[in-house]
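Engineer: Next comes the sequence, and after it the predicted model I'd like to discuss.
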Amino acid sequence: MTALHRVSSPETDAARPSSPGPAATPAATAAPVRRPPARISARLSRLGAASVLTAAAVTVPSLLSGAAQRAEAGTPAALALGVAASKKGSPYQWGATGPYRFDCSGLTLYSFKRAGKAIPRTAAAQYNSTRHILARSRKAGDLVFFHTGSSGSSVYHVGIYAGGGNIWHAPKTGARVRLEHIWTHHVWYGRVR
């Protein structure tokens, strides 16, 4: 036979008679289920809300992409990055500036325009209009310029840096807007002013 153990508390002991009567059964002597006093319920509610908020603060950032974590929410660069990512799968078309087809600089132009920033049309002109930064200073939302020489006129491709060595870009004819790892060291970085 298993013995029943009762947890004692001032709230439940005060309401229970000190000894059961002669006709009492084990079910009658078991501690009644009671709700905690209002002050304890309020504390538990606050602790529960705090726990939920703490869990959200810890969990939600890990669910977001690396780029979203590093980009400051609400900045034009972060907004442009989000716009570019939302165009994933859109077909490449030379000279297209969206909203359904893009070439490389058309995607960056469209993305920054939607984020409230005007930039020039071509990759080379976009490079010349940005504040040039070092690779170690790059942030999500900066532009990545691919080049063949040492001058701004040698820029032939552009994408939006997504963090982790990746860019969102419209690669070439027959391809679609996609996230891709930067495949060369022949890149420069620029920050839209």
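Structural biologist: Yep, that arrived.
Engineer: remind me, longest strand of the protein?
Structural biologist: In the chain, taking DSSP state E as the definition, the longest strand is strand 155-163.
Engineer: following that strand, which helix or strand shows up next?
Structural biologist: Later in the chain than strand 155-163, the nearest helix or strand by DSSP states H and E is strand 166-169.
Engineer: For the protein, give me the ranges with low pLDDT.
Structural biologist: Applying pLDDT under 70 to the chain picks out residues 1-73.
Engineer: can you pull out the strands in it?
Structural biologist: 131-133, 143-147, 155-163, 166-169, 178-181, 187-191.
Engineer: outside of the second one, which residues touch it?
Structural biologist: Taking contacts as Cβ atoms under 8 Å, 6 or more residues apart in numbering, the residues outside strand 143-147 that touch it are 108, 123, 126-127, 130, 138, 154-161, 167, 169, 182, 184, 186-192. The way it works is simple: take the backbone N, C-alpha and C, and place the C-beta from them, glycine included.
Engineer: What of the fourth one?
Structural biologist: The contact list for strand 166-169, computed with Cβ under 8 Å, 6+ apart, reads 67, 81, 84-85, 87-88, 104, 107, 144, 157-162, 177-182.
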